[in-house]
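Q: Provide a 3D model corresponding to the input given below.
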Amino acid sequence: MNDTPGPTRAPVALITGGDSGIGRATAVRLAAAGMDVGITWHSDERGAEETAAEVRSHGRRAAHAHQDLTDPSRAADVIDALAEELGAVDVLVNNAGTGTSTPFLDIDHETVQQVLDVDLVGPFLCSQRAARRMIEQGGGGRIVNVTSVHEHQPRVGAAPYCAAKAGLGLLTQVMALELAEHGITVNAVAPGEIATPMTGQEDTDVTQERRPGIPLGRPGDAREVAAVIAFLAGPDASYTTAASWAVDGGMLRMGPQAGSHLHSDDWRKP
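A: Residues are numbered from 1 along each chain as shown. Alright, predicted model coming up:
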């Protein structure tokens, strides 16, 4: 992707779930890098408006639209609508997600389907729409899928979430292979525990939180994830594709080490 795909416009980034957390931090980071930004929201329109205001404070254009990823086909239409409003799409960040904390034996089909639609099917269809537009525009593009450390490692009580994120991780690799000839790179970013509304830690000072099981000793800040997304969305990542970037403070490397230090069966409970 060229830094300035056209002679008279800035790059355009679309971010799903841009009303808070990692999505908001990414929108602001990409705006600071000179991109116009479109964001989607599901239940927090005010949050989306606040994100848009932050984008505009950097002198960039902003647009926002409601999106319900439990209806993936219509959700993909929103990508086309935002691209039309902003005039292009050069970057897509599939950030919106949901999860559960229910034992495998107790979870119902409706919940499983909801998680799969939001975390896997929705990003699949949204990426199709964005990629087709990138190809039509010419000049390549960037797609970044926000997965999770649970793209790589399981978690008790999160069966559909882990299945969806693992699926999105492998989808990332297939997309990268198929879209490379069009100059489109596709990568995943796999956050660990990040202080966001999804983890009940909005506005948390992560430096004051203690996490002995994470090598860096604390949760992550959404802006630390946004920095990696911004790199993958920018010109410096032109030869980087089909990779999954863990942003987890070292959490994924603690498997055997954590196992050797457990002193109860509490881990068996969600």
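
Q: CA atoms for contacts and neighbours, from now on please.
A: Will do.

Q: Residue ranges in the stretch 1-150 of the chain under the pLDDT threshold?
A: 1-7 (pLDDT under 70).

Q: so how far is Arg253 from the residue nearest to Gln208 when sequence neighbours are not counted?
A: Closest residue to Gln208 apart from its sequence neighbours, by CA to CA, 6 or more residues apart in numbering: Arg218 at 7.8 Å. Taking CA to CA, to the nearest Å as the criterion, Arg218 is separated from Arg253 by 15 Å.

Q: Between the two, which is the more surrounded one?
A: Shown here are Arg218 and Arg253; by other CA atoms under 10 Å, Arg218 has more neighbours (21 against 12).

Q: hang on, that one in a helix?
A: No - counting by DSSP: H, G, I helix; E, B strand; the rest coil, Arg218 is located in no helix; its state is coil.

Q: Check the contact between it and Arg211; I expect there is one.
A: Yes - the pair Arg218 / Arg211 is scored as a contact, 4.8 Å apart, by CA atoms under 8 Å.

Q: Could you count how many residues lie near Leu105?
A: Neighbours of Leu105 (other CA under 10 Å): 8.

Q: whoops, I mixed them up, Arg211
A: Neighbouring residues of Arg211 were enumerated by other CA under 10 Å; the total is 13.

Q: Could you look up the SS state of it?
A: Of the three states, Arg211 takes coil under three-state DSSP.

Q: pLDDT value on it, please?
A: Arg211 is assigned a predicted lDDT (pLDDT) of 93.

Q: residue contacts, His66?
A: Contact analysis of His66 by CA atoms under 8 Å, 6 or more residues apart in numbering lists Thr40, Trp41, His42, Glu45, Val78.

Q: The strand ranked longest in the chain pairs with which strands, and in what direction?
A: For the chain, the longest strand by residue count, based on DSSP state E, is strand 184-191. When pairs are called by DSSP bridges, strand 184-191 turns out to pair with strand 141-146 (parallel), strand 244-247 (parallel).

Q: Let me see the residues that make contact with it.
A: Strand 184-191 is contacted from outside by 1, 131, 134, 140-151, 169, 172-173, 175-176, 179, 225, 228-229, 232, 238, 240-248, using CA under 8 Å, 6+ apart.

Q: what's the answer for stretch 211-221, then?
A: Under CA under 8 Å, 6+ apart, the answer for stretch 211-221 is 192-196, 206-210, 247-251, 254, 258.

Q: Pull out the buried members of those residues.
A: Buried members of those, scored by 16 or more other CA atoms under 10 Å, are Gly192, Glu193, Ile194, Ala195, Thr196, Val206, Val247, Asp248, Gly249, Met251.

Q: Helices of the protein, start to end?
A: Counting by DSSP state H, the chain has these helices, from start to end: 21-32, 45-57, 72-86, 109-116, 122-137, 159-179, 222-233, 255-259.

Q: what comes into contact with the shortest one?
A: When contacts are defined by CA under 8 Å, 6+ apart, helix 255-259 is touched by residues Gly213.

Q: The same query, at a cut-off of 6 Å, please.
A: Here helix 255-259 makes contact (CA atoms under 6 Å, 6 or more residues apart in numbering) with no residue beyond itself.

Q: so how far is that helix off the chain centroid?
A: Offset of helix 255-259 from its chain centre (CA atoms, centre = their mean, to the nearest Å): 27 Å.

Q: Quick one: mean pLDDT over it.
A: The average pLDDT within helix 255-259 is 85.

Q: Now it - C-alpha only, CSV.
A: Taking Å, rounded to 0.1, in the frame of the first residue of the first chain, the C-alpha atoms of helix 255-259 are listed here in CSV:
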residue,chain,number,x,y,z
GLY,A,255,2.4,-22.7,29.5
PRO,A,256,4.7,-25.3,31.1
GLN,A,257,6.0,-22.7,33.6
ALA,A,258,2.5,-21.8,34.8
GLY,A,259,1.6,-25.4,35.0
